[in-house]
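**Q** build me a model from this:
(one chain, ligands or ions: 2)
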Amino acid sequence: MTTIGIVGAGAWGTALAQVAAAAGNNTRLWGRDQELIDTMIQAGQNVRYLPDVPLLPEIAPTALMTDLADCDLLVIVVPAQATRAILAALRPVIRNNAALLLAAKGVEQKTLALMSEVAAQELPGHSCAVLSGPTFAGEVARGLPTAVTLASATLTRAEALAAQLGTRSFRPYASDDPIGAEIGGAVKNVLAIACGIVEGLGLGENARSALITRGLAEVTRLAVAKGGRPATLMGLSGLGDITLSCNSRQSRNFSLGYCVASGESRSSLLTEGYYSAPAVLGLAKSLNVEMPICEAVHAVLHDGAALAPQIERLLSRPLRNE
Ligand SMILES: NC(=O)C1=CN([C@@H]2O[C@H](COP(=O)(O)OP(=O)(O)OC[C@H]3O[C@@H](n4cnc5c(N)ncnc54)[C@H](O)[C@@H]3O)[C@@H](O)[C@H]2O)C=CC1
Ligand SMILES: O=C(CO)COP(=O)(O)O
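**A** Ligands and ions are numbered 1, 2, ... in the order given. Got it, this is the predicted structure:
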């Protein structure tokens, strides 16, 4: 039996622990907060991040990193900006041949690195794959049907992981384009903020559809410049996740955009898209890729730009061929 350590006991980490356990793996769920872990053990649910979802009894929550020492696979599910520190903390603990599966959707602000690049620097020699796609944690944890991209540089490795984690309701599709999958996951968060803004301003469904489609063109340009394949962006980790997150207030990124547009407080909603926007743009600049929608979101969130001129700027761009 495979022993899987889920590193990060937030909403997505908890949902992935449900998946790993349901797929028949020996599953540990590590979180940094001992009090939360104790409550999880007592209440049989993650009361802070995923309330009202009973956890499978096979999941072993722990706040001790040493409990991950014998894991065959570590699923890294802390926010992108915290991933480097967690990987470094795991270095003295985990087995030399433990595999990594990266589940955060973001780009590191300090270095503009993708999570797979961070992992290669912090834990060189460990095999590494990426999990991404349209997945609201609550739905996955309740066992509702979901499909994801599971990408690794080697297709056979991705297929093996897909078989290890797949169930009737959680269907990983294997891919050998981790870069495309990672870029899709990181940029969709920024696009979801843009769509939340459009919704909050009441600009209509046509405008949202235009943003989704032109956003898809934008993210594809970046992925290709970074070495990914356009077809990946037409799959679950691209179009699939953009469609989900750009159309639902269940998305925290979409909700952040909505709050920004309607002038509601957004302090409790600083999301992966908020933190990754500067890194996505930095990466785009370094690769000479134009990303006007992400630029507008960044200007509003990080430079204090007013919404109206940013919308005007997008609408007054020269007409071009599709
Ligand atoms: N919630 C969702 O539906 C999905 C989330 N994701 C991605 O998964 C990643 C995690 O998101 P969520 O679990 O939703 O976030 P969350 O906010 O629910 O939980 C984050 C977890 O990470 C822990 N954490 C934060 N900083 C840490 C640090 N420095 N060291 C150790 N632990 C730390 C927190 O204590 C918490 O347990 C994000 O990149 C997100 O984009 C991906 C797919 C679905
Ligand atoms: O990644 C997600 C869905 O695929 C979750 O989106 P939010 O982080 O915007 O809630």
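
**Q** got a pLDDT number for the closest residue to Leu68 other than its chain neighbours?
**A** Of all residues not flanking Leu68 in the chain, Gly5 sits nearest, at 4.0 Å (Cβ to Cβ, 6 or more residues apart in numbering). In short, each C-beta sits where N, CA and C put it, glycine included. With respect to pLDDT, Gly5 scores 98.

**Q** secondary structure class for Gly5?
**A** With DSSP: H, G, I helix; E, B strand; the rest coil as the basis, Gly5 sits in strand.

**Q** okay, now Ala113: neighbour count?
**A** Close neighbours of Ala113, defined as other Cβ atoms under 10 Å, add up to 19.

**Q** wait, doesn't it sit right on Ala119?
**A** No: counting by Cβ atoms under 8 Å, Ala119 is not a contact partner of Ala113; they are 9.4 Å apart.

**Q** follow-up on the earlier one: isn't the residue nearest to Leu68 up against Cys71?
**A** Yes: if you go by Cβ under 8 Å, Gly5 and Cys71 touch, sitting 3.8 Å apart.

**Q** the two - which one has more neighbours?
**A** Ranked by neighbour count (other Cβ under 10 Å), Gly5 and Cys71 place Gly5 first, with 28 against 25.

**Q** now list whatever residues contact both of Gly5 and Cys71.
**A** 28, 94 (Cβ atoms under 8 Å, 6 or more residues apart in numbering).

**Q** what residue is smack in the middle of this protein?
**A** Nearest to the mean C-alpha position of the chain, counting by Cα atoms, centre = their mean, stands Lys105 at 2.6 Å.

**Q** chain neighbours aside, what residue packs nearest to it?
**A** Closest to Lys105 by Cβ to Cβ, 6+ apart is Gly185, at 3.5 Å.

**Q** contacts only, for Pro54.
**A** 44-45.

**Q** mind telling me what element it is part of?
**A** For Pro54, there is no host helix or strand (DSSP states H and E).

**Q** isn't the residue nearest to Lys105 up against Leu102?
**A** No: with contact defined as Cβ under 8 Å, Gly185 does not reach Leu102; the gap is 9.7 Å.

**Q** tell me the pLDDT at the residue nearest to Lys105?
**A** Here, the pLDDT recorded for Gly185 equals 98.

**Q** for burial, what's the neighbour tally of it?
**A** 32.

**Q** kindly provide the distance from it to Ile212.
**A** The gap separating Gly185 from Ile212 is 16 Å, by Cβ to Cβ, to the nearest Å.

**Q** between Gly185 and Leu102, what contacts are shared?
**A** Counting by Cβ under 8 Å, 6+ apart, the residues touching both Gly185 and Leu102 are Val130.

**Q** wait, what's in contact with Ala181?
**A** Contact partners of Ala181, counting by Cβ under 8 Å, 6+ apart, are 130, 132, 149, 151, 175, 228, 232, 237.

**Q** need the residues that contact the helix or strand where the fourth one lies.
**A** Here Ala151, judged by DSSP H and E, is contained in strand 146-152. Contacting residues not belonging to strand 146-152 are listed as 101, 127-135, 139-140, 158, 161-162, 165, 169-178, 180-182, 184, 232, 235-237, 240 [Cβ under 8 Å, 6+ apart].
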